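Visitor: My questions concern the predicted model and sequence given below.
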Amino acid sequence: MSLRKVSGLAPWEEPGSVAGRIGKGGVLALIVLAVLLPLYTIVLTSLSSADTVNRVGGLVLVPDGITFDAYRQIFSDSVVSRAVLVSTGVTVAGTAISLGVSVLGAYALSRPGTLFHRPILFCVLLMFVFFPGLIPTYLMVASLGLKDTYWSLILPSAVSAFNVVVLRAFFMNIPKELLDSARIDGAGEFRILWRIALPLSKAVTAVIGLFYAVGYWNAWFNAMLFIDDTRMWPLALVLRSYVVDSNPLPTATVGVSGFGHVAPPTLAIKMAIVAIAVLPALVIYPFVQRHFTKGVIIGAIKG
């Protein structure tokens, strides 16, 4: 009789060999190193002096004194400070709007008796295949008078069809008897959603909210299309212009579309802006991580 039959464990539940556990640990250690090393290099370079960066000739791997000159230089100008506030406001407002619309739409589409259930669901699924295109989107935003407004950073990407389908799949797996018992007690659909469906869907809602928040925080393309006033630029567009394209940092006093006459960006300042852009995701993720796997698996494979 084999050990598997004696133990009664499935093959994937059996403890691995010592060599296998060492190999898995080594692979995981390499993955962690591959993730943390770039972040360590970015932060260390941003905290290094200009002399250290020039002597190394690039990114700093070994610390040689810590200075916050790059961060002081960034926040001494109002551009990055204002961009952080713009990105924070757009992310908070956009995530609230997107999550609210997605939850309401997904719950409605999960109820078979909803008005125009099938046509609306067909349109949502059609968004996986067809996209309206760049020019129609730009003309629509301009015709609605949203150009050079913060709404142009939120409304064009307010709803993701994928996120709606994931939420709908979860809502469809809530026991029908539970919802029917609430209706018998006199609860309406909004009360059922608020008191029953949402508390049961904390995991998947947290994951979808994280997806939306990260998307809004890192979005720069809509700002490049619809925002001409550099004072309204989010941090992601400042990051792209200043770090990727090495343009001078735009000032808030030049006007609508001009750039300020400032010194070219140094590597330490570039890395400081990158660190500022990455920090919010690093702070938020640990609070959502415990829901991440559960939310994605439940929303993806059930239903």
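Guide: Received it, and whenever you're ready, just let me know what you need.
Visitor: show me the contacts for residue 183.
Guide: By C-beta atoms under 8 Å, 6 or more residues apart in numbering, the contact set of residue 183 is residue 192. For every residue, glycine as well, the C-beta is placed using N, CA and C.
Visitor: how far out from the middle of the chain is the strand or helix carrying it?
Guide: Using DSSP states H and E, residue 183 sits within helix 176-184. From the chain centre to the centre of helix 176-184 is a distance of 35 Å (C-alpha atoms, centre = their mean, to the nearest Å).
Visitor: after it, next one along is what?
Guide: helix 189-192.
Visitor: Tell me which residues of that following helix come out buried.
Guide: 189, 192 (16 or more other C-beta atoms under 10 Å).
Visitor: For the helix holding residue 183, output the C-alpha coordinates as PDB.
Guide: Extracted in PDB, the C-alpha atoms of helix 176-184 (Å, rounded to 0.1, in the frame of the first residue of the first chain):
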ATOM      1  CA  LYS A 176     -31.200  33.000  -4.200                       C
ATOM      2  CA  GLU A 177     -33.000  31.900  -1.100                       C
ATOM      3  CA  LEU A 178     -31.200  34.500   0.900                       C
ATOM      4  CA  LEU A 179     -32.400  37.300  -1.300                       C
ATOM      5  CA  ASP A 180     -35.900  35.900  -1.600                       C
ATOM      6  CA  SER A 181     -36.200  35.800   2.200                       C
ATOM      7  CA  ALA A 182     -35.200  39.500   2.400                       C
ATOM      8  CA  ARG A 183     -37.800  40.300  -0.200                       C
ATOM      9  CA  ILE A 184     -40.400  38.400   1.800                       C
END
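Visitor: where's the residue nearest in space to the middle of the chain, which helix or strand?
Guide: Geometric centre of the chain, nearest residue: residue 214, 1.4 Å, by C-alpha atoms, centre = their mean. Secondary structure assignment for residue 214, by DSSP H and E: helix 202-218.
Visitor: Give me the buried positions along that helix.
Guide: 203-218.
Visitor: quick revisit: and the residue nearest to the residue nearest to the centre of the chain when sequence neighbours are not counted, how far is that from residue 239?
Guide: Of all residues not flanking residue 214 in the chain, residue 281 sits nearest, at 5.9 Å (C-beta to C-beta, 6 or more residues apart in numbering). Distance of residue 281 to residue 239, computed by C-beta to C-beta, to the nearest Å: 13 Å.
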